[in-house]
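Please find the sequence and the predicted model below.
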Amino acid sequence: MLNISSQDPSEYFRITYPELYPVQMNHLKNLLTVYETGYGMFTALPIEAGIGKSIESDKSIGQYRKYGGNRSFLLVKKFRAEVTNSLIRINSHYDRNIVLGITSNNWGEIRPQAYDIVNWPVVIITHARYLNLSLDPLTRSYFEQDRHTLVIDEQVELPTSLFSEHDYLAI
(Lines give C-alpha, C1' and ligand atoms only; values in the text may rest on other atoms or scores of the structure.)
Protein backbone atom coordinates (compact mmCIF):
# COMPACT_ATOMS: atom_id res chain seq x y z
CA MET A 1 0.00 0.00 0.00
CA LEU A 2 1.26 3.45 -0.90
CA ASN A 3 1.86 5.97 1.83
CA ILE A 4 0.87 9.27 0.31
CA SER A 5 1.39 12.25 2.55
CA SER A 6 0.59 15.03 0.07
CA GLN A 7 -2.72 16.89 -0.03
CA ASP A 8 -2.67 16.52 -3.84
CA PRO A 9 -5.49 14.11 -4.76
CA SER A 10 -3.78 13.19 -8.02
CA GLU A 11 -0.58 11.93 -6.39
CA TYR A 12 -1.88 8.36 -6.06
CA PHE A 13 -2.62 8.24 -9.79
CA ARG A 14 0.75 9.76 -10.70
CA ILE A 15 2.59 7.22 -8.56
CA THR A 16 0.50 4.24 -9.63
CA TYR A 17 0.53 5.05 -13.35
CA PRO A 18 3.70 7.09 -13.97
CA GLU A 19 3.64 6.52 -17.74
CA LEU A 20 -0.07 7.17 -18.22
CA TYR A 21 -0.50 10.31 -16.12
CA PRO A 22 1.59 12.70 -18.26
CA VAL A 23 0.00 11.33 -21.45
CA GLN A 24 -3.51 11.98 -20.15
CA MET A 25 -2.66 15.44 -18.83
CA ASN A 26 -1.00 16.36 -22.13
CA HIS A 27 -4.11 15.14 -23.98
CA LEU A 28 -6.24 17.36 -21.73
CA LYS A 29 -3.98 20.36 -22.40
CA ASN A 30 -4.17 19.78 -26.15
CA LEU A 31 -7.97 19.49 -26.04
CA LEU A 32 -8.12 22.91 -24.39
CA THR A 33 -5.47 24.74 -26.37
CA VAL A 34 -4.87 23.04 -29.73
CA TYR A 35 -7.57 20.68 -30.96
CA GLU A 36 -10.81 21.71 -32.63
CA THR A 37 -14.03 19.76 -32.24
CA GLY A 38 -16.01 21.91 -34.64
CA TYR A 39 -18.96 24.21 -34.13
CA GLY A 40 -21.77 22.66 -32.13
CA MET A 41 -19.68 19.62 -31.25
CA PHE A 42 -18.29 18.56 -27.91
CA THR A 43 -15.74 16.20 -26.46
CA ALA A 44 -16.30 14.20 -23.30
CA LEU A 45 -13.11 13.43 -21.46
CA PRO A 46 -13.21 9.89 -20.07
CA ILE A 47 -10.41 10.23 -17.55
CA GLU A 48 -10.56 8.91 -14.00
CA ALA A 49 -12.13 11.19 -11.38
CA GLY A 50 -9.85 12.81 -8.82
CA ILE A 51 -6.60 12.78 -10.78
CA GLY A 52 -6.23 16.53 -11.14
CA LYS A 53 -8.05 17.39 -14.37
CA SER A 54 -9.42 20.63 -12.95
CA ILE A 55 -6.06 21.80 -11.63
CA GLU A 56 -4.31 20.82 -14.86
CA SER A 57 -7.02 22.57 -16.90
CA ASP A 58 -6.50 25.77 -14.93
CA LYS A 59 -2.74 25.53 -15.36
CA SER A 60 -3.07 24.87 -19.10
CA ILE A 61 -5.48 27.76 -19.65
CA GLY A 62 -3.34 30.17 -17.62
CA GLN A 63 -0.16 29.26 -19.47
CA TYR A 64 -1.91 29.25 -22.85
CA ARG A 65 -3.20 32.79 -22.36
CA LYS A 66 0.10 33.97 -20.86
CA TYR A 67 2.02 32.92 -23.96
CA GLY A 68 -0.30 34.58 -26.46
CA GLY A 69 -3.13 32.10 -26.94
CA ASN A 70 -6.32 33.81 -28.04
CA ARG A 71 -9.04 31.28 -27.26
CA SER A 72 -11.61 32.44 -24.76
CA PHE A 73 -13.07 30.08 -22.20
CA LEU A 74 -16.28 29.63 -20.25
CA LEU A 75 -15.70 27.27 -17.33
CA VAL A 76 -18.62 25.83 -15.37
CA LYS A 77 -17.85 24.60 -11.85
CA LYS A 78 -20.10 22.77 -9.43
CA PHE A 79 -19.45 24.96 -6.37
CA ARG A 80 -18.64 28.62 -5.64
CA ALA A 81 -15.38 27.68 -3.92
CA GLU A 82 -14.22 25.97 -7.13
CA VAL A 83 -14.93 29.17 -9.07
CA THR A 84 -12.68 31.10 -6.69
CA ASN A 85 -9.95 28.44 -6.64
CA SER A 86 -9.81 28.24 -10.44
CA LEU A 87 -9.77 32.03 -10.73
CA ILE A 88 -6.76 32.20 -8.42
CA ARG A 89 -4.92 29.34 -10.18
CA ILE A 90 -5.43 30.72 -13.69
CA ASN A 91 -4.53 34.29 -12.74
CA SER A 92 -1.38 33.05 -11.00
CA HIS A 93 0.08 32.28 -14.45
CA TYR A 94 -0.55 35.78 -15.69
CA ASP A 95 0.61 39.28 -14.76
CA ARG A 96 -2.94 40.67 -14.53
CA ASN A 97 -6.46 39.44 -13.90
CA ILE A 98 -7.79 37.67 -16.98
CA VAL A 99 -10.52 35.73 -15.19
CA LEU A 100 -13.97 36.85 -14.19
CA GLY A 101 -15.42 34.54 -11.56
CA ILE A 102 -19.16 34.92 -11.12
CA THR A 103 -21.00 33.52 -8.12
CA SER A 104 -24.14 34.45 -6.24
CA ASN A 105 -21.88 36.61 -4.05
CA ASN A 106 -21.00 39.06 -6.85
CA TRP A 107 -23.68 38.57 -9.53
CA GLY A 108 -25.71 41.52 -8.21
CA GLU A 109 -22.77 43.83 -8.93
CA ILE A 110 -21.93 42.30 -12.31
CA ARG A 111 -25.43 41.88 -13.73
CA PRO A 112 -26.08 45.57 -14.55
CA GLN A 113 -22.95 45.53 -16.75
CA ALA A 114 -23.38 41.96 -18.03
CA TYR A 115 -22.54 43.19 -21.54
CA ASP A 116 -18.91 43.57 -20.31
CA ILE A 117 -18.59 39.82 -19.70
CA VAL A 118 -17.53 39.34 -23.33
CA ASN A 119 -14.35 41.36 -22.60
CA TRP A 120 -13.01 38.76 -20.18
CA PRO A 121 -10.90 36.01 -21.81
CA VAL A 122 -11.87 33.50 -19.11
CA VAL A 123 -15.22 33.46 -17.34
CA ILE A 124 -16.04 30.98 -14.59
CA ILE A 125 -19.56 30.31 -13.34
CA THR A 126 -21.34 27.71 -11.23
CA HIS A 127 -23.62 24.94 -12.45
CA ALA A 128 -26.57 26.86 -10.98
CA ARG A 129 -25.74 29.98 -13.03
CA TYR A 130 -25.30 27.82 -16.13
CA LEU A 131 -28.78 26.34 -15.66
CA ASN A 132 -30.27 29.79 -15.02
CA LEU A 133 -28.75 31.06 -18.27
CA SER A 134 -30.80 28.50 -20.17
CA LEU A 135 -33.88 30.53 -19.21
CA ASP A 136 -32.43 33.96 -20.07
CA PRO A 137 -31.33 34.18 -23.73
CA LEU A 138 -30.17 37.81 -23.54
CA THR A 139 -27.89 37.30 -20.54
CA ARG A 140 -26.72 33.96 -21.93
CA SER A 141 -25.61 35.75 -25.10
CA TYR A 142 -23.13 37.82 -23.05
CA PHE A 143 -21.56 34.62 -21.74
CA GLU A 144 -21.49 32.89 -25.13
CA GLN A 145 -20.34 35.75 -27.35
CA ASP A 146 -16.87 35.09 -28.79
CA ARG A 147 -16.32 32.07 -26.51
CA HIS A 148 -14.25 29.38 -28.14
CA THR A 149 -14.25 26.71 -25.44
CA LEU A 150 -16.84 25.61 -22.90
CA VAL A 151 -15.62 23.37 -20.09
CA ILE A 152 -18.22 21.83 -17.80
CA ASP A 153 -16.45 20.43 -14.76
CA GLU A 154 -18.49 17.57 -13.32
CA GLN A 155 -21.89 16.44 -14.50
CA VAL A 156 -24.58 19.10 -14.30
CA GLU A 157 -27.52 17.87 -12.26
CA LEU A 158 -30.65 18.93 -14.10
CA PRO A 159 -33.62 19.75 -11.89
CA THR A 160 -36.60 17.48 -12.14
CA SER A 161 -40.20 18.57 -11.87
CA LEU A 162 -43.40 16.68 -11.34
CA PHE A 163 -46.56 17.77 -13.11
CA SER A 164 -50.09 16.61 -12.86
CA GLU A 165 -51.68 15.61 -16.16
CA HIS A 166 -53.75 18.80 -16.02
CA ASP A 167 -50.64 21.00 -15.61
CA TYR A 168 -48.76 19.06 -18.31
CA LEU A 169 -51.57 19.50 -20.82
CA ALA A 170 -51.67 23.23 -20.00
CA ILE A 171 -48.01 23.53 -20.97
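Yep, it's here. Residues are numbered from 1 along each chain as shown.

bridging residues for the residue nearest to the spatial centre of the chain?
The residue lying closest to the centre of the chain (CA atoms, centre = their mean) is L75, at 2.4 Å. Residues in a beta bridge with L75, per DSSP bridges, are I124, V151.

How many residues are close by K59?
By other CB atoms under 10 Å, 18 other residues sit near K59. For every residue, glycine as well, the C-beta is placed using N, CA and C.

nope, A170 is what I was after
Neighbours of A170 using other CB under 10 Å come to 8.

And the pLDDT for D8?
D8 is assigned 65 on the pLDDT scale.

Helices along this protein, start to end?
Along the chain, the segments classed as helices by DSSP state H run 11-16, 20-33, 53-66, 80-91, 107-110, 127-133, 137-144, 165-170.

Which one of those lies nearest to L150?
helix 137-144 (8.5 Å; CB to CB).

Quick one: residues in contact with the closest one.
Contacts of helix 137-144 with the rest of the structure, by CB atoms under 8 Å, 6 or more residues apart in numbering, involve 74, 111, 114-115, 117-118, 123, 125, 133-134.

Number of residues surrounding S60?
Count around S60 with other CB under 10 Å applied: 21.

can you pull the contacts of it?
Counting by CB under 8 Å, 6+ apart, S60 has contacts 28-29, 32-33.

Please convert the contacts of helix 137-144 to CSV, extending it with distance to E11 and pLDDT.
Below are these laid out as CSV (distance: CB to CB, whole Å; pLDDT from 0 to 100):
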residue, distance to E11, pLDDT
L74, 29, 96
R111, 40, 95
A114, 40, 95
Y115, 43, 94
I117, 36, 97
V118, 38, 95
V123, 30, 98
I125, 29, 97
L133, 36, 95
S134, 37, 90
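
out of those residues, which are buried?
74, 114, 117, 123, 125, 133 (16 or more other CB atoms under 10 Å).

Of all pairs in these, which one spans the longest distance?
Between any two of the buried ones among the contacts of helix 137-144 (CB to CB), the greatest distance is 13.6 Å, for L74 and A114.

Next, count neighbours for the nearest residue to I55 once chain neighbours are set aside.
Of all residues not flanking I55 in the chain, R89 sits nearest, at 6.8 Å (CB to CB, 6 or more residues apart in numbering). Neighbourhood size, R89 [other CB under 10 Å]: 17.

now swap in G101 and tell me
Around G101 there are 26 residues (other CB under 10 Å).

And the nearest residue to it once chain neighbours are set aside, how close does it get to T43?
In this structure, G101 finds its nearest non-sequential neighbour in L87, 3.9 Å apart by CB to CB, 6+ apart. Counting by CB to CB, to the nearest Å, the separation of L87 from T43 is 24 Å.

With that, I have no additional questions.
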